[in-house]
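Enquirer: Fold the following, please.
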Amino acid sequence: MSLSFYEFQLVCLVALCLFFMLVERQLSPKRKEGVRLHDDLHAPAPALHKLSRQYLTVYAIVMGADWLQGPYVYSLYKEQYAFPERYVALLFVTGFMTAGLAAPMVGVWADQYGRRKLCMAFCVTYTLSCVLIQLPYFPVLIMGRFLGGFSTSILFSVFESWLISASNSLALPAADLSTIMGRASLVNGFVAAAAGVASNQLVASTGSFASPFVASGVLLLLAWVVIRGSWTENYGSGGGVAANPDILQLRRLGQALKIVRNEPALLVIGLTQTCFEGSMYLFVFNWVPALQEAARPGSILPLGYIFSAFMVSMMIGSLFYTSLVTLFSRGDAEHDDVGDAPLTLHAKLSSLVCAVSAVAFAVSVESKEEVVRFWAFCVFEACVGMYYPIQGMLRGALISNEHRATLSSLFRVPLNIFVVVSLLTGVSSARYTVLTASSLMLVLSSLMTAAFLVERIELSSASVSHASVSHPA
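Expert: Here you go, the predicted model:
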């Protein structure tokens, strides 16, 4: 395929994204009408806007810092520093292993000592990893990967926990929280596309693959300043008190494990996180060789355009999610059916997203056509755009505030184990096996969510409705 093909696909996706923006904007007045009719279902606008501004500003900065690093980590290790392939693999595995091992501790520390403090610590540790990666000395780079893995555990669990707890403190209902999470997914798509272009320009102007990491460190320091100046602290149960001699918080961790064992819904959420996010990380290692194999011999893929197309697809998914939730929330309000209806919708969407992702991977394995594989991967990226706000809402509703960060981090342990084992067994040499396995795991997650999570929530909703009818106020 020529370069013009991917340019045209990118234009089509941007047009589709603009269409969904228009749809979402058209639905907004209807939602405002719903607010006027049902004031008790929505938070006051100033509180919602303030929290959105506080969270999304920081989220955009930290995700921008993270995306700046992504495109050139491998090239820096392999091409500029000239490390052997096995050393590069060891560096990547070190990062994932550290993230998995650190995840439980990150969660309990956030609940005990404060989520804001852990988010500020993230800015410091991730900045240090950006400093260490400038030194082409293997032990120093290993230390940088340790810090990077620890920081990643914070990024993908504690920030969300802070948002959910802050929204609970303001008594924001599910509809408003889902709006913020949908906006966060959309912001992530914009930031990723911009970071890809920025990192490319930095490398072109400096001639060094290390320059994007310098820019990332600057953004992380800016995020520390913004968090310190605009966020308030929140804790789990027993948090914020005098220092606890149990620095590893083993008692709190044991309580969290007992909660997961006794609550099937949380096990399903953990399974979905492992299956979907594990497949997503492995997809990063597979999409380039999969497209290169399907391309014409001798052709050079415009990876920048393809990456931008994936990011636009992710934005389309987040906009589609926001439109769906806005539409269904208004319908529930009009029929005075507010119970667990938003939660039921999110459980069904979670099952659907896993199912569609499984089909997309299956199509990419079966088809040898470059166009088909490209669009299958775009569909998967759209599912990624829907997945994060959906899972964030489910975790926010089903995980209590006492152990929110602990459990959110705990779910990342099997995820990182899955990714590490896959990397050690050779992802690139068995990519179709990996994609097939990912598809099967996503099917399992979809079925488990439909069978246990959706059914549980619907039964809970039905019992609440029956009680309200039997015992009217």
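
Enquirer: Which residue is the nearest non-sequential neighbour of the most centrally placed residue in the chain?
Expert: The chain has Y388 as the residue nearest its centroid, 4.7 Å off, counting by Cα atoms, centre = their mean. Closest residue to Y388 apart from its sequence neighbours, by Cβ to Cβ, 6 or more residues apart in numbering: S185 at 5.0 Å. C-beta coordinates here come from the backbone N, C-alpha and C atoms, glycine included.

Enquirer: quick one: that neighbour and G317 touch, right?
Expert: Yes: between S185 and G317 there is a contact under Cβ atoms under 8 Å: 7.3 Å.

Enquirer: Quick one: residues contacting the residue nearest to the centre of the chain.
Expert: Each residue near Y388 by Cβ atoms under 8 Å, 6 or more residues apart in numbering is listed here: M181, A184, S185, N188, S318.

Enquirer: Show the pLDDT at the fourth one.
Expert: Right, the one you point to is N188. Confidence at N188, expressed as pLDDT, is 89.

Enquirer: A450 and V365: what is the separation?
Expert: 23 Å (Cβ to Cβ, to the nearest Å).

Enquirer: hang on, I meant P84
Expert: The value you get for P84 to V365, if Cβ to Cβ is used, is 30 Å.

Enquirer: For the two, indicate the residue with more neighbours.
Expert: Using other Cβ atoms under 10 Å, the more surrounded residue of P84 and V365 is V365, with 19 against 10.

Enquirer: does the more buried one really touch S439, like I thought?
Expert: Yes: look at V365 against S439 with Cβ under 8 Å: they come within range, at 7.2 Å.

Enquirer: just to revisit the earlier point, any idea which of the contacts of Y388 is closest to R228?
Expert: Set against R228, the nearest of the contacts of Y388 by Cβ to Cβ is A184 (20.5 Å).

Enquirer: neighbours of the nearest residue to S323 once chain neighbours are set aside, just the number please.
Expert: Computed as Cβ to Cβ, 6+ apart, the closest residue to S323 that is not its neighbour in sequence is E24, at 4.9 Å. For E24, the neighbour count with other Cβ under 10 Å is 21.

Enquirer: show me the contacts for E24.
Expert: L319, T322, S323, T326.

Enquirer: again with A210
Expert: Neighbouring residues of A210 by Cβ under 8 Å, 6+ apart: L76, Q80, I133, Q134.

Enquirer: Can you list which of these are found in strands?
Expert: Among these, DSSP state E puts none in strands.

Enquirer: Filter those down to the buried ones, PyMOL style.
Expert: Provided next is the PyMOL selection string for whichever of the contacts of A210 are buried by 16 or more other Cβ atoms under 10 Å:
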select buried, resi 76+133+134
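
Enquirer: Give me the distance between the two termini of stretch 421-438.
Expert: Stretch 421-438 has an end-to-end distance of 13 Å (criterion: Cα to Cα, to the nearest Å).

Enquirer: Sort out which residues of that stretch are buried, please.
Expert: S422, L423, V427, R431, V434, L435, T436, A437, S438.

Enquirer: Can you say which two of the residues you listed are spatially most distant?
Expert: Pairwise over those, using Cβ to Cβ, the maximum falls at L423 and T436, 17.1 Å.

Enquirer: the helices in the stretch 201-350 of the chain, which residues?
Expert: 211-230, 250-262, 264-294, 303-334, 341-366 (DSSP state H, counting those that start in this stretch).

Enquirer: least reliable of the ones you listed going by mean pLDDT?
Expert: For those, where the average pLDDT is lowest is helix 250-262, sitting at a mean of 68.

Enquirer: give the contact list for the nearest residue to R456 once chain neighbours are set aside.
Expert: Of all residues not flanking R456 in the chain, A265 sits nearest, at 5.5 Å (Cβ to Cβ, 6+ apart). By Cβ under 8 Å, 6+ apart, the contact set of A265 is L398, F452, L453, R456, I457.

Enquirer: what residue ranges in this structure score low on pLDDT?
Expert: 1-3, 28-44, 237-256, 260, 329-341, 401-406, 408-409, 425-429, 458-473 (pLDDT under 70).

Enquirer: Just give the number of residues close to A223.
Expert: 25.

Enquirer: element containing L172?
Expert: Under the criterion DSSP states H and E, no helix or strand holds L172.

Enquirer: Leaving aside the residues adjacent along the chain, what's closest to F361?
Expert: S439 (4.0 Å).

Enquirer: distance of that neighbour from G217?
Expert: For S439, the distance to G217 equals 38 Å [Cβ to Cβ].

Enquirer: what's the answer for M315, then?
Expert: In terms of Cβ to Cβ, M315 sits 27 Å off from G217.

Enquirer: The two: who's more crowded?
Expert: Legend: neighbour count by other Cβ under 10 Å for M315 and G217, higher for M315 (26 against 22).

Enquirer: Wait, I306 touches L291, no?
Expert: Yes: using Cβ under 8 Å, I306 is in contact with L291, at 7.0 Å.

Enquirer: Name the residues contacting each of those two.
Expert: By Cβ under 8 Å, 6+ apart, the residues touching both I306 and L291 are F374.

Enquirer: Tally up the residues packed near E85, please.
Expert: E85: 10 neighbours (other Cβ under 10 Å).

Enquirer: Nearest spatial neighbour of it, chain-adjacent residues omitted?
Expert: Counting by Cβ to Cβ, 6+ apart, the residue nearest E85 is K78, at 7.2 Å.
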